[in-house]
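K.L.:
Return a 3D structure for these sequence lines:
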Amino acid sequence: MGILDSIPHVHAVPSHRPWPRVVVAEAGWRAAVDELAAGRLTLLGLWGEPAVVHMALLNEAVAEIAVVTYECAAGSFPSVARHHSPALRLERTIHDLFGLTSTSADDVRPWLDHYVWDKSFPLGSRNAPREAVPYRFLPAEGEALHQVAVGPVHAGIIEPGHFRFTANGEHVVRLEQWLGYTHKGVESLLQGANLEAAAKLANRTSGDSAVAYAFAFARAAEAALDIEAPPHATHLRALMAELERLANHFGDIGAICNDASFALMHAQTGILRERCLRAADAAFGHRLMMDVIVPGGVVRDIAPDGIAALRTLLAEIDKVFPRLIELYDNTASLQDRTVTTGIVKTEYARQFGAGGYVGRASGRNFDARRMLAYAPYDRLSFEVPVLEAGDVNARVWIRIREVEQSVALIAQILDLMAPGEIMSALPAGHGECEGLAVTEAFRGDVLVWLRLDRELRVQRCHLRDASWFQWPLLETAIEGNIIADFPLCNKSFNCSYSGADL
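P.N.:
From the prediction side, this is the model:
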C-alpha cells in the first residue's frame, strides 16, 4: 500500500521524479499524522515556508517517500508533535523561523530563538533584538532531586549546547537539552543563491559531513533538473563519501575509548583518521573534500597518484585495525564502561526513525545507500550491520563493522572505476522545479529538499541532519545512568550541533 493511498489530498504537484508531493486539506494532514502515530510511516522531515508547511514521509516497507504540503491560511497548522513526538523540535523551529503556530501543541517554547529575535523578520533575523527572558525547562517532581546545569559553553573545543540534568544523587532522572546556539541562517542565506553558491553553502552545513551534504544537495538539484551525473562522477562521489565515513568512525571510536580513560585506542585511531584525511587531500585536493561534488557531477577527477594513495591507506587499515578491534574487545575496563550503558530502546529508535549507528545499534535496519539505493551504491555489494543491544558498546561495534564495509566499498569502487566524464551539463533554462534527495552520512541520513526558479536560483532549500532525530534519544539513553557516564553516552551519539542549528 502506497503512502498516499490513505491520505486524501487536494491535488498533486507535477513531478517527473518517483517521490510525489501533494497538497492536502486539514483532513489529509491529520490522516498523515495518524499514519505516523500508528507507526505505519516514518517522519523524514518537517519544514516550513512563510505560509506553508511540508512533511516528508517514508514507508519503510516499500522504500517509498512522499511529501505532504499544508497551506497555513490562518498562520497555523494542526500539530504533528501532539500525536508523534519526533516532530516536536521541528515544529518549534518552524515557529521560530516563520511564525507559524502548531495548534494544540503541548510545547510552544522557542528552539532556535533564544528570546532575542525580531519576529517581524522571517528566517530568524537578528535585527532589533528583544530583551532576553529565562527559558523554562520542564519540571520534575520527587524526593531528593537536584538539578545540574551543563553548558552551553563546554570545556574543550566543541560547539555550544545546554544540558539540564535532574538527578537523584548520581543517577539521572531526566535530561533536557536546549540547542540553537549555533544557528547561522543557512536556509535564509540559500534563498536567491545560484546553484554554485548554494552548493558551497550546503557543503558547509556540518563540517564533518561536508561530502554527505554536498552529495545530497547535488542529487536534489539533479532530481529537480531531471539530469544524472556521469557514472564516473558517481564513483568518485562514493569514494569521497566512504573516505569521510572512515575518518569520522575512526575519530569516534577513539574518542569514545578516551572518555572511558583508554587513551591508547584514541591515539591509534587518531593516526588512522589522519591517514584518511591525508589520502583525501592527495586524491581530491582537500582534507575534507569540500567543493568537489556539485550539481551535475564533480569539478575534478581523482589526482594521478590518488588511486595509489587510497590503496596504501586500505593496506594500512587492513594491517592495523584488526589489532585495535581485538584490543577493544579484550579490555575488561572498557567493556565495563560501555556494555549496558546508555541503552536506546528498539521501539524508540523505530518511532524516531533514528538513522546511522544510533538506529542500527538498536535494531533499526535502515541505510539510505541500501533502502533508497542511489548511484553507485545500487550497483555495489555491501552489508548493513545491525545490532539489538542499543548500548554504547553496540554503537561502537556498528562503527567497527561500518569501517570494514567502507574499506571493502572503496576497494570495490577502485576496481570498477574507469576513466570517463565527470560532469553533466546543466540546462541553460528551466521552469520552476523542485527536487529531493536522501544521502547516507556517517551519522545517518541527510535529507535535502529544494525548489529552483526559472534562472536556476534557489527559492527555498531545506537541509535536515540525522541528528534532529538522534538528539532526543540521547535524553532517553542517559536516564537511569549516572551523570559521570554522560560524556561517554554523548560521545557514542556524537550528534551534530551545527547540523541541527540551521
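K.L.:
How far does the longest helix seen in the chain sit from its chain's centre?
P.N.:
For the chain, the helix with the greatest residue count under DSSP state H is helix 231-259. Relative to the centre of its chain, helix 231-259 is centred 14 Å away, using CA atoms, centre = their mean, to the nearest Å.
K.L.:
Check which helices and strands the next helix or strand after it is in contact with.
P.N.:
Toward the C-terminus, helix 231-259 is succeeded by helix 263-284 as the next helix or strand (DSSP states H and E). Here helix 263-284 touches helix 231-259, helix 306-329, going by 3 or more CB pairs under 8 Å, 6 or more residues apart in numbering; DSSP states H and E. (C-beta placed from N, C-alpha, C; glycine too.)
K.L.:
Run the angle between the first one and helix 263-284 for me.
P.N.:
Think helix 231-259. In terms of direction (axes from the mean of the first three to the mean of the last three CA atoms, to 10 degrees), helix 231-259 departs from helix 263-284 by 160 degrees.
K.L.:
what's the angle from helix 231-259 to helix 306-329?
P.N.:
On the basis of the same axes, to 10 degrees, helix 231-259 is oriented at 30 degrees to helix 306-329.
K.L.:
what about helix 231-259, average pLDDT?
P.N.:
Confidence over helix 231-259, taken as the mean pLDDT, stands at 97.
K.L.:
counting contacts, what elements does it pack onto?
P.N.:
Under the contact criterion of 3+ CB pairs under 8 Å, 6+ apart, helix 231-259 touches helix 210-225, helix 263-284, strand 297-298, helix 306-329, helix 392-416, helix 486-493.
K.L.:
rewinding a little: just put the helices and strands packed on helix 263-284 in TSV and tack on distance to residue 66.
P.N.:
As requested, the helices and strands packed on helix 263-284 are exported to TSV (distance: least, CB to CB, whole Å):
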stretch	distance to residue 66
helix 231-259	25
helix 306-329	38
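K.L.:
how about the helices and strands packed on helix 231-259, which one is nearest residue 195?
P.N.:
helix 210-225 (6.0 Å; CB to CB).
K.L.:
Who are the packing partners of that closest one?
P.N.:
Helix 210-225 makes packing contacts with helix 195-203, helix 231-259, strand 293-294, strand 433-440, strand 445-452, strand 458-464 when contacts are defined by 3+ CB pairs under 8 Å, 6+ apart.
K.L.:
Tell me where the model's unsure across the stretch 1-150 of the chain.
P.N.:
Across the stretch 1-150 of the chain, the stretches falling below the confidence threshold (pLDDT under 70) are 1, 16, 118-133.
K.L.:
got the residue ranges for the helices in it?
P.N.:
Under the criterion DSSP state H, counting those that start in this stretch, the stretch 1-150 of the chain carries helices at the ranges 26-37, 88-98.
K.L.:
I'd like to know which of those lies nearest to residue 442.
P.N.:
Using CB to CB, these put helix 88-98 closest to residue 442, at 21.6 Å.
K.L.:
hmm, who's touching that closest one?
P.N.:
Judged by CB atoms under 8 Å, 6 or more residues apart in numbering, the contacts made with helix 88-98 from elsewhere in the structure are 45-50, 53, 79-81, 100-102, 105, 107-113, 117, 122-124, 187, 468, 471-472, 500.
K.L.:
between that helix and strand 458-464, how many degrees?
P.N.:
150 degrees.
K.L.:
wait, what's in contact with the closest residue to residue 229 other than its chain neighbours?
P.N.:
By the measure of CB to CB, 6 or more residues apart in numbering, the closest residue to residue 229 outside its immediate chain neighbours is residue 297, 4.3 Å from it. With contact set as CB under 8 Å, 6+ apart, residue 297 has these partners: 218, 229-230, 233, 421-424.
K.L.:
Quick check, pLDDT for residue 297.
P.N.:
We have a pLDDT of 98 for residue 297.
K.L.:
mind giving me CSV with the helices and strands packed on helix 231-259 and columns for distance to residue 148?
P.N.:
Below are those laid out as CSV (distance: least, CB to CB, whole Å):
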stretch, distance to residue 148
helix 210-225, 34
helix 263-284, 26
strand 297-298, 48
helix 306-329, 30
helix 392-416, 21
helix 486-493, 10
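K.L.:
which one of the helices and strands packed on helix 263-284 is the most hemmed in?
P.N.:
Mean neighbour counts were taken over the helices and strands packed on helix 263-284 using mean count of other CB atoms under 10 Å, and the top value, a mean of 24, falls to helix 231-259.
K.L.:
Tell me where the stretch 51-200 of the chain has strands.
P.N.:
Here the stretch 51-200 of the chain has its strands, by DSSP state E, counting those that start in this stretch, at 52-59, 64-71, 76-78, 101-103, 145-150, 162-168, 171-178.
K.L.:
Please tabulate these in JSON lines, including the columns distance to residue 406 and mean neighbour count.
P.N.:
Below are these laid out as JSON lines (distance: least, CB to CB, whole Å; neighbours: other CB atoms under 10 Å):
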{"stretch": "strand 52-59", "distance to residue 406": "24", "mean neighbour count": "22"}
{"stretch": "strand 64-71", "distance to residue 406": "25", "mean neighbour count": "21"}
{"stretch": "strand 76-78", "distance to residue 406": "40", "mean neighbour count": "20"}
{"stretch": "strand 101-103", "distance to residue 406": "40", "mean neighbour count": "18"}
{"stretch": "strand 145-150", "distance to residue 406": "33", "mean neighbour count": "13"}
{"stretch": "strand 162-168", "distance to residue 406": "31", "mean neighbour count": "18"}
{"stretch": "strand 171-178", "distance to residue 406": "30", "mean neighbour count": "18"}
